[in-house]
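Enquirer: coordinates only, sequence not included:
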């Protein structure tokens, strides 16, 4: 690709015009077969995706956070530095789409210019750890032009900033993706792997796809909604927060904790977001309480359990989870919860629509409670009313203790015409 080589040379030549560093970076060095050092000390990533609840992250034994873009990166780096945390800084790369093509040299040149600017702006910050070139932008792994652009970017970033390793994060390392990375991206220092239910078998899978370079699990957590069991009408069944903690623990102990070519991981998500539901991936609730997954990560990172624990909540029981309901009909739901510390519990029942659609940026809109659906709610028992409008809905329960901890559970239900 001669035009691309010319573009690369142009940007490398432009390095002579870059102003001198204003801060002193902490160098991260690769020790073949042994992982990495940071500032000369061995470093294993005990990280979380997101930039909120950082004090809780430190208290739980975490040492790093991950972002997906450089938007607002400067204050994130500063906040992390105040707490002794590092930052895995993501640089957003466009996926192949109708307005961006990796076969178009003008598109790629514009992307290179943006990446150069973002790296130069932040490369000297003392809390910077890695540069993440793209997140799940690889498609099915068969676009050679994408991998070649990734190699160009990796070479440029390494020239701009030799103190911090570079990687790309893929949505599972399929054979085609492993092949593309191996054939076209020798300059990447490692691969980031986003994986959820398949995490316990990841090490065996890497052998199968002949991956022999270092790796970091850049996303892991609850069983994804795309890999979960379904209600009869197709709605995904979400794990309770307690079962999510068990999933996280099993995956971490099996795939991440042994180390070796694995340099660590980033659990997803150290915060809260609407994705499938308001609680699916969040380790914290919308109200700011931490859940069982934080307890699990505390023990995995520090080697000792926390002094305060989140409540334990069993899956909700209701006939509405198994069959369609008539509009306006009443139904029952019940739960069972305990608190390991003996704290008093509060019960918060809500009903929402299954989906509120997406906003202009393509993000899911938060679902709002439907108060008319709550007929009576007393502790672990609730009498609920199906909405008058046919469609897909969900019953949510959040159980909280007196120490800002919570457990969550929900189930979907479907309303049909009368």
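Expert: Arrived safely, thanks for sending. Worth saying up front: this structure is predicted, and the values here are computed from it rather than measured. Residues are numbered from 1 along each chain as shown.
Enquirer: quick one: the helices in the stretch 201-350 of the chain?
Expert: Assigned by DSSP state H, counting those that start in this stretch, the stretch 201-350 of the chain shows helices spanning 202-208, 241-251, 292-302.
Enquirer: list the contacts of the first one.
Expert: Meaning helix 202-208. Helix 202-208 is touched from outside by 173, 175, 193, 195, 198, 215, 217, 251, 254, 255, 258, with contacts defined as Cβ atoms under 8 Å, 6 or more residues apart in numbering. To be clear about C-beta, it is placed using only N, CA and C from the backbone, and glycine gets the same treatment.
Enquirer: contacts only, for the fifth one.
Expert: Applying Cβ under 8 Å, 6+ apart, one finds that residue 198 lies in contact with 172, 205, 227.
Enquirer: then the first one?
Expert: By Cβ under 8 Å, 6+ apart, the residues touching residue 173 are 191, 193, 205, 206, 209, 211, 215.
Enquirer: what residues are bridge-paired with the second one?
Expert: Going back to what we said before, that points to residue 193. Beta bridges link residue 193 to residue 170, residue 217, judged by DSSP bridges.
Enquirer: that one touches residue 217, doesn't it?
Expert: Yes - between residue 193 and residue 217 a contact is recorded at 5.6 Å, counting by Cβ atoms under 8 Å.
Enquirer: how many neighbours does residue 109 have?
Expert: 18 (other Cβ atoms under 10 Å).
Enquirer: name the element it belongs to?
Expert: Element membership for residue 109, per DSSP states H and E: helix 105-122.
Enquirer: neighbouring strands - and their directions - for the helix or strand following that helix?
Expert: Beyond helix 105-122 in the direction of the C-terminus, DSSP H and E gives the next helix or strand as strand 128-135. For strand 128-135, sheet partners with direction are given as strand 86-91 (parallel), strand 166-171 (parallel), following DSSP bridges.
Enquirer: in TSV: those, plus mean neighbour count.
Expert: Rendered in TSV, the data for the strands paired with strand 128-135 read as follows (neighbours: other Cβ atoms under 10 Å):
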stretch	mean neighbour count
strand 86-91	25
strand 166-171	23
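Enquirer: just put those in TSV and tack on distance to residue 247 and mean pLDDT.
Expert: Conversion of those to TSV gives the following (distance: least, Cβ to Cβ, whole Å; pLDDT from 0 to 100):
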stretch	distance to residue 247	mean pLDDT
strand 86-91	23	98
strand 166-171	18	98
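Enquirer: who wins for proximity to residue 134 among those?
Expert: The stretch from these with the least distance to residue 134 (Cβ to Cβ) is strand 166-171; that distance is 4.9 Å.
Enquirer: list the buried residues in whatever helix or strand comes next after the closest one.
Expert: Remark: after strand 166-171, the chain's next helix or strand is helix 175-184, criterion DSSP H and E. Applying a neighbour-count criterion of 16 or more other Cβ atoms under 10 Å, the buried positions in helix 175-184 are 177, 178, 180, 181, 182, 184.
Enquirer: can you pick the most crowded of the contacts of helix 202-208?
Expert: With neighbours defined as other Cβ under 10 Å, the most crowded of the contacts of helix 202-208 is residue 193; it has 27 neighbours.
Enquirer: now do the contacts for it.
Expert: Taking Cβ under 8 Å, 6+ apart as the definition of contact, the neighbours of residue 193 are 169, 170, 172, 173, 202, 215, 216, 217, 218.
Enquirer: pretty sure residue 84 contacts residue 61?
Expert: No - proximity of residue 84 to residue 61 does not meet the contact threshold set by Cβ under 8 Å, at 11.8 Å.
Enquirer: and those two? which has more neighbours close in?
Expert: Using other Cβ under 10 Å as the criterion, residue 84 and residue 61 rank with residue 61 on top: 16 against 9.
Enquirer: sorry, back to before: which of the helices of the stretch 201-350 of the chain sits closest to residue 266?
Expert: With Cβ to Cβ as the measure, helix 292-302 is the member of the helices of the stretch 201-350 of the chain nearest residue 266 (10.9 Å).
Enquirer: of the contacts of residue 193, closest to residue 355?
Expert: residue 172 (24.8 Å).
Enquirer: the residue nearest in space to the middle of the chain and residue 341, how far apart?
Expert: In the chain, the residue lying closest to the centroid (Cα atoms, centre = their mean) is residue 268, at 3.4 Å. Residue 268 sits 27 Å away from residue 341, going by Cβ to Cβ, to the nearest Å.
Enquirer: out of the strands paired with strand 128-135, which comes closest to residue 359?
Expert: Taking Cβ to Cβ as the criterion, residue 359 comes closest to strand 86-91 out of the strands paired with strand 128-135, the separation being 21.1 Å.
Enquirer: what's in contact with the closest one?
Expert: So strand 86-91 is contacted by 38, 45, 47, 63-70, 73, 76-77, 80, 115, 118-119, 122, 125, 127-135, 169, 218, 266 (Cβ under 8 Å, 6+ apart).
Enquirer: and for stretch 365-376?
Expert: Counting by Cβ under 8 Å, 6+ apart, stretch 365-376 makes contact with 274, 277-278, 286, 330, 349-359, 382-387, 393-394, all of which sit outside it.
Enquirer: got the end-to-end distance for that stretch?
Expert: With Cα to Cα, to the nearest Å as the measure, stretch 365-376 spans 27 Å from end to end.
Enquirer: cool, and stretch 192-212?
Expert: By Cα to Cα, one end of stretch 192-212 lies 13 Å from the other end.
Enquirer: and that stretch, how far from the chain's centre?
Expert: How far stretch 192-212 lies from its chain's middle: 17 Å, per Cα atoms, centre = their mean, to the nearest Å.
Enquirer: make 33 the starting number, not 1.
Expert: Renumbered: residue one is now 33, and that last one reads stretch 224-244.
Enquirer: buried set for that stretch?
Expert: In terms of neighbour count (16+ other Cβ under 10 Å), stretch 224-244 has its buried residues at 224-228, 230-231, 234-235, 237-238, 241, 243.
Enquirer: pLDDT averaged over that stretch - what is it?
Expert: Along stretch 224-244, the predicted local confidence has a mean pLDDT of 98.
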